[in-house]
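Student: for reference, the sequence and a predicted model appear below.
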Amino acid sequence: MPHPADLDLRPPGPLGSEGIRLERLGPARFRATLAAARGFPAVPNALQLRVRGAADTPLEIEAVFEHPEPRGQLDEYFHSATPNFATFLPLPWLEPINARRNRLLIPATGWDEFHLGMQFTYPAEALDAHIARWERHPHVRINLLGSSIEGRPIRRITITDTDSPVPLGARWHHYLANQHPGEGNARWRIAGMIDWLLSDEPAAVDLRRRAIVTAVPLLCPDGPANGWRRVNADGIDMNRCFRLEGPDEREQTREAFLFQTELETLHHGPTPVDTLWCMHTWPGIVEPIMDGLGPEFGRQVGDFEALAAAFREHGSPERIKPLRNREQPGMPTTWNGGPRRRYGITTALIEGGGDPAVLDEHRLAGAELMRIIAAFWRGTRAGSPPS
């Protein structure tokens, strides 16, 4: 007689949900009571775990969050099952979104073991697999930004053609980052940006010759293993921890201090950041919002309307909404609003893309964003104004 399916929470593992309580309601039915995120008692951790022994067995998992007035919705986003963080089965919730209780039905997958996670989940292990491929490219350099609170490495990816005759200090510097650890779709978007940039497309080859692109795809690598959607081990919202006065190890949580120190060092160095692209998700397709336009606008590059035109020309309307510009930048503690105020650079908040589209659609949206950057930031930062 086959053993019943089992939900496994034993560490270490790529995905988890800190404080979760599991109950078996039947051979293939479970209840998962979610704990609150660190520092946010009304916000649940994500439903994330490992499943064993269910290759031929459909499973039903009821997720529950017991806070009387939840501020975060456990069922805001679809979940997915994956055996390898490359192949995914999207799993919509069975009931209308209600923030307190909902159910997932996982059909028989044929997989002896698989992971259940929020969105198309992208933990540190998935990033490591992509880095192993990217770092074989001659124009890629992988470094450590530092280590997270729980000791996981924070990877920094730098892409530029070191054999190009354009001096490093004359190249545009575009920086990509994902702050919230639960927003896996945003990291797939960054992966799509990097894959396009490393391709043999003439525009990508040209961009590598005249620009530097730096990426931190997972600023909080502790998050996926603990089910934290927005916070780190200190219970700090990872998009509310920029310090307008400058980095301070005593005042900031570790990952924020490391990231802001990087931006500060670059700002005062020979290859300052020109554009900062903060990758997030909310429901719907990708939604780009400019938080501030740097000094290159109207001088080395066109104006906002020209950038909006580049979005229309190189972005697909089924993947990316029309570009919009905020009259005032976001909050000073965000990584889009804060750096705009402190450094005066171009910053963008790239939201949306949180829906269960085909995974390649998220990669393609990233490729289109990188193509837009290549088309609009023409020439070099030391070049002549556009005609």
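Tutor: That came through, no problem.
Student: which regions of the chain sit below the pLDDT cut-off?
Tutor: 1-3, 10-12, 384-387 (pLDDT under 70).
Student: at 50 what do you get?
Tutor: 1-2, 384-387 (pLDDT under 50).
Student: does residue 255 really touch residue 242, like I thought?
Tutor: No: using Cβ atoms under 8 Å, residue 255 is not in contact with residue 242; the gap is 11.7 Å. Glycine gets a C-beta too; all of them are placed from N, C-alpha and C.
Student: who has more neighbours, the two?
Tutor: Neighbour count, other Cβ atoms under 10 Å: between residue 255 and residue 242, residue 255 has more, with 30 against 25.
Student: can you pull the contacts of residue 95?
Tutor: 75, 101-103 (Cβ atoms under 8 Å, 6 or more residues apart in numbering).
Student: try 7 Å
Tutor: 102-103 (Cβ atoms under 7 Å, 6 or more residues apart in numbering).
Student: quick check: it vs residue 63, distance?
Tutor: 10 Å (Cβ to Cβ, to the nearest Å).
Student: spit out the residues that contact these two alike.
Tutor: With Cβ under 7 Å, 6+ apart, residue 95 and residue 63 have common neighbours residue 102.
Student: number of nearby residues for residue 315?
Tutor: So residue 315, with other Cβ under 10 Å, has 20 neighbours.
Student: next one: residue 362
Tutor: Residue neighbour count, defined by other Cβ under 10 Å, stands at 27 for residue 362.
Student: go on, the one 10 residues further on?
Tutor: When counting by other Cβ under 10 Å, one arrives at 20 neighbours for residue 372.
Student: list the residues that contact residue 266.
Tutor: 272-273.
Student: doesn't it belong to a strand?
Tutor: No: assigned with DSSP: H, G, I helix; E, B strand; the rest coil, residue 266 falls outside any strand and is helix.
Student: tell me which residues of stretch 31-48 are tucked away?
Tutor: 31-38, 40, 43-48 (16 or more other Cβ atoms under 10 Å).
Student: in the sheet, who's paired with the nearest residue to residue 105 once chain neighbours are set aside?
Tutor: Leaving aside its sequence neighbours, residue 105 sits nearest to residue 60 (Cβ to Cβ, 6 or more residues apart in numbering; 5.4 Å). With DSSP bridges applied, residue 60 shows beta-bridge pairing to residue 29, residue 105.
Student: surely residue 60 meets residue 103?
Tutor: Yes: under the criterion of Cβ atoms under 7 Å, residue 60 makes contact with residue 103 at 6.1 Å.
Student: residue 272 contacts residue 173, correct?
Tutor: Yes: with contact defined as Cβ under 7 Å, residue 272 counts as touching residue 173 (6.3 Å).
Student: more crowded one of those two?
Tutor: residue 173 (22 against 15).
Student: in a strand, that one, correct?
Tutor: Yes: assignment of residue 173 by three-state DSSP places it within a strand.
Student: would you mind measuring from it to residue 9?
Tutor: 42 Å.
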